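Enquirer: Quick one, fold the following:
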Amino acid sequence: MAKIITLSRPLPLPQIEVGGEAVEFVPVSSAAEIPTGALAHISTAIDPVDAAFIAGMPEGQRLIANFGVGVDNIDLAAAAARGIVVSNTPVVTEDTADHAFALILGAARRVGEGERYLRAGKWSAGEVPPALGTRVHGQTLGLVGFGPIA
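Expert: Reported below is the predicted structural model:
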């Protein structure tokens, strides 16, 4: 029998086992959809886990894990009143910075436009390709921020 962890939305999570048992990740849109016996609920920073959601969770829920740095989307008092621990992902600075640079390069070099051109078969058809965009090499980039990511 699989261990069940519910999700506030589908997420790209790996297949894992705990104690030799598979873990099944089940997206739910309301607390009423959480199966009895689910071990935890994973939310994202943009998915609220308010007092009403927490009140509707089945008995035995012991963890709400936020897939992100903060917990502003979770009603901490309601969770504490039910004895539910709240956690988050405290360090994602390197991953966020990597993605920021990927987006900068992709936008500057018009990668999405080129990808759509190739998938549409326009290269092999001899159609004029889209412009290559702006060179990033040698440019100056200013980063402004209050946290460790910038």
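Enquirer: So the residue of the chain most remote from its centre versus residue 117, what's the distance?
Expert: Computed with CA atoms, centre = their mean, the maximum C-alpha offset from the centroid of the chain is found at residue 126, amounting to 39.0 Å. Separation of residue 126 from residue 117 (CB to CB, to the nearest Å): 12 Å. All C-beta atoms are positioned from the backbone trio N, CA, C, and that covers glycine.
Enquirer: Could you do residue 137 as well?
Expert: 23 Å.
Enquirer: more crowded one of those two?
Expert: The neighbour count for residue 137 versus residue 117, taken as other CB atoms under 10 Å, is higher for residue 117 (16 against 4).
Enquirer: What helix or strand is that one located in?
Expert: Per DSSP states H and E, residue 117 falls inside helix 111-119.
Enquirer: So which residues of the protein form strands?
Expert: Using DSSP state E, the strands of the chain run over 3-7, 17-18, 21-27, 40-44, 63-67, 85-87.
Enquirer: can you pull the pLDDT of the residue lying closest to residue 113 once chain neighbours are set aside?
Expert: The shortest distance from residue 113 to any non-neighbouring residue, by CB to CB, 6 or more residues apart in numbering, is to residue 130 (4.6 Å). Looking at residue 130, its pLDDT reads 91.
Enquirer: Residue 130 contacts residue 110, correct?
Expert: Yes. When contacts are counted by CB atoms under 8 Å, residue 130 is listed as touching residue 110 (6.0 Å).
Enquirer: got the contact list for the nearest residue in space to residue 131 that is not next to it in sequence?
Expert: Of all residues not flanking residue 131 in the chain, residue 110 sits nearest, at 6.5 Å (CB to CB, 6+ apart). Counting by CB atoms under 8 Å, 6 or more residues apart in numbering, residue 110 touches 130-133.
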